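*Asks:* sequence below, structure please.
(chains A, B and C)
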Amino acid sequence: MNSRIWLIKSEPFKYAWENMLADGRTFWDGVRNHQAKNNLLEMRVGDFAFFYHSNEGMEIVGIVQVVREAYPDPTATEGPWVVVDVEPKLSFETTVSLAQLKADPICSGMALVRQSRLSVSPVTESEFNRICELANLNPAGFV
DNA sequence: GCCAACGTTGGC
DNA sequence: GCCAACGTTGGC
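*Replies:* Residues are numbered from 1 along each chain as shown, chains lettered A, B, ... in the order given. Now for the predicted structure:
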């Protein structure tokens, strides 16, 4: 597996997975945190990212794929902020809740769990595999 | 609605 | 450069 894995968060009432599916492709804007921005800068075309619903839902609902690497955020009037372009890759039939991740020995150490305010975070390969397992997915099917 | 975690701002 | 005050995010 050459791709790195990430996790991006969105509040469903601002931009839900359904919006992502409807748009087909979007630029991931609004990141105003340097750590999250640095993660965006490290994303490469072909990388995958889990799509997490924060606040409401609090679960991973799908996977997107990076289709364009970081470029200046068109919605930012100043500052070093960037966006990437992503496309929906697949919808989870079995979503994975935050409670499940917290209770899981592998996933309880995730940046998502430890740093709840970070909106773009890295996912390790073992976390990725475990989440696929919890979602009843075969990673070999799409990686 | 409350609060913990964390980032930012501004006085000194 | 420190730190108190304040704002925001997001889980509970």
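*Asks:* so which elements touch the strand ranked longest in chain A?
*Replies:* Counting residues, the longest strand in chain A under DSSP state E turns out to be strand A:82-97. Contacts defined by 3 or more Cβ pairs under 8 Å, 6 or more residues apart in numbering; DSSP states H and E place strand A:82-97 against helix A:17-23, strand A:26-27, helix A:34-42, strand A:48-53, strand A:59-72, helix A:125-134. In this view, the C-beta of every residue, glycine as well, is placed from N, C-alpha and C.
*Asks:* what ranges of chain A fall below the confidence cut-off?
*Replies:* A:1 (pLDDT under 70).
*Asks:* before we move on, back to that, each with direction, which strands does the longest strand of chain A pair with?
*Replies:* As defined by DSSP bridges, the strand partners of strand A:82-97 come to strand A:26-27 (antiparallel), strand A:59-72 (antiparallel).
*Asks:* tell me which parts of chain A are close to DNA strand C?
*Replies:* A:9, A:11, A:54-55, A:58, A:98-99, A:102, A:116-119 (Cβ under 7 Å from any atom of the strand).
*Asks:* hmm, which of the residues you listed are the buried ones?
*Replies:* Buried subset of these (neighbour count, 16 or more other Cβ atoms under 10 Å): A:9, A:54, A:98, A:118-119.
*Asks:* I'd guessed residue A:115 sits against residue A:122; true?
*Replies:* No - contact criterion Cβ atoms under 8 Å: residue A:115 and residue A:122 do not qualify, at 10.8 Å.
*Asks:* ok, the two, which is more surrounded?
*Replies:* Between residue A:115 and residue A:122, residue A:122 has the larger neighbour count (other Cβ atoms under 10 Å), namely 17 against 12.
*Asks:* from DNA strand C, how far off is the more buried one?
*Replies:* Here the criterion is Cβ to the nearest atom of the strand, to the nearest Å. By it, residue A:122 lies 15 Å from DNA strand C.
*Asks:* who does the host helix or strand of that residue touch, helix- and strand-wise?
*Replies:* Using DSSP states H and E, residue A:122 falls within strand A:120-123. Contacts defined by 3+ Cβ pairs under 8 Å, 6+ apart place strand A:120-123 against strand A:5-10, helix A:34-42, helix A:111-114.
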